[in-house]
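Novice: build the 3D model from these lines:
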Amino acid sequence: MDKTTGGNSMKTFVDENSIVRKIWGRADTSLFIFAGAAAEFALNKAVDWLYFTGRLPADPLGRLFSTITYSRVILFADEVSALKAIDKITAIHSGVEQNRGATIPDWAYRDVLFMLIDHSIRSFELLERPLATEEKEEIFDVFNRMAVRMQISGLPKNLNEWEGMRSEALLLNMAYSNYTADLYRQYKKHLGWFRYLIVLQIQYLLTPKHVNNLLNLKQKFWIKPAMGLYKLLRRLHLDSFLRDALLPLNYKEQVRSLDKPQIMQQHLQPSAAIK
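Specialist: Numbers count the residues shown, from 1 in each chain. Prediction:
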């Protein structure tokens, strides 16, 4: 898409009216996406790559926000900045591969792509409404273009093919391991027991059944009424005070900034999670 600002034509990576921007343009939806992603990262059979640098287990919330920052630059910036951000992610991964003397498997890259597509859909539908097929296809197209830029092999050609590959990948590439247990200990340590309990319930509502089973997530009686109340407050634009009350103090300003519709250009530090 081209948009004109001050007489200059500026092409954006994602159309400004795209459903993807609507999904990622709200703080709580972005946080729900990464709550679901946190569950799948912990189970992925390539999770040892996240441990190679030690950054994720040492600071899981910091990695969350750095990853959101990269994602939003790609989704909200002009095309040049978005492509630079994608290329920087690729370069970070290449550097880690060189340091380790091994190659991140292509299926691990695809799993992250599949996860971002799926949890974008699941999070929006949990908080807002069911998505039309055309909207899901648009979400698929945006993230698939990111993957093409990263030169990931074996990508699905369309939404239907993605759905089949996603289901197969969940069965093949997920397993509970010592890494899983350690990551969840770190989540609990950095969130505190009360926030951790809430995150577990959000994960229960969001993640595919197979992921729920592997993590032995159980529904608590209070989560559905609580979600109903939150969505009501959300419609009344009264949800921010509740969300802020549940956030660690150090991250409140970062989360509030996610609700801003514009992304300010910023220097991207090579600190995002390895995937």
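
Novice: got phi/psi on the closest residue to Leu214 other than its chain neighbours?
Specialist: Distance criterion C-beta to C-beta, 6 or more residues apart in numbering; nearest residue to Leu214, sequence neighbours excluded, is Tyr176 at 5.1 Å. For glycine as for every other residue, the C-beta is placed from the backbone atoms N, C-alpha and C. With angles defined as degrees, to the nearest 10, Tyr176 sits at phi -80, psi 130.

Novice: contact partners for Trp162?
Specialist: Residues in contact with Trp162 (C-beta atoms under 8 Å, 6 or more residues apart in numbering) are 114, 117, 140, 144, 156.

Novice: what sits against the residue nearest to Leu214?
Specialist: By C-beta under 8 Å, 6+ apart, the contact set of Tyr176 is 43, 214-215.

Novice: from those residues, which land in helices?
Specialist: Among the contacts of Tyr176, the members falling in helices (DSSP state H) are 43, 214-215.

Novice: now render those as CSV, adding pLDDT, neighbour count and distance to Thr29.
Specialist: Formatted as CSV, those follow (pLDDT from 0 to 100; neighbours: other C-beta atoms under 10 Å; distance: C-beta to C-beta, whole Å):
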residue, pLDDT, neighbour count, distance to Thr29
Leu43, 96, 21, 22
Leu214, 98, 20, 25
Leu215, 97, 20, 22
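
Novice: for the protein, what spans make up the strands?
Specialist: 2-5, 8-11 (DSSP state E).

Novice: lowest average pLDDT across the ones you listed?
Specialist: Least confident of those, judged by mean pLDDT, is strand 2-5 with a mean of 45.

Novice: quick one: Thr53 and Val96 touch, right?
Specialist: Yes: if you go by C-beta atoms under 8 Å, Thr53 and Val96 touch, sitting 6.5 Å apart.

Novice: quick one on the thing from earlier: and of the contacts of Tyr176, the nearest to Ile68?
Specialist: Comparing these against Ile68 with C-beta to C-beta picks out Leu43 as the nearest, at 20.6 Å.

Novice: in contact with that closest one, which residues are there?
Specialist: Neighbours of Leu43 in contact, by C-beta under 8 Å, 6+ apart: 174-177, 180, 211, 214-215.

Novice: do the same with Glu138
Specialist: For Glu138, the contacting residues are 18-20, by C-beta under 8 Å, 6+ apart.
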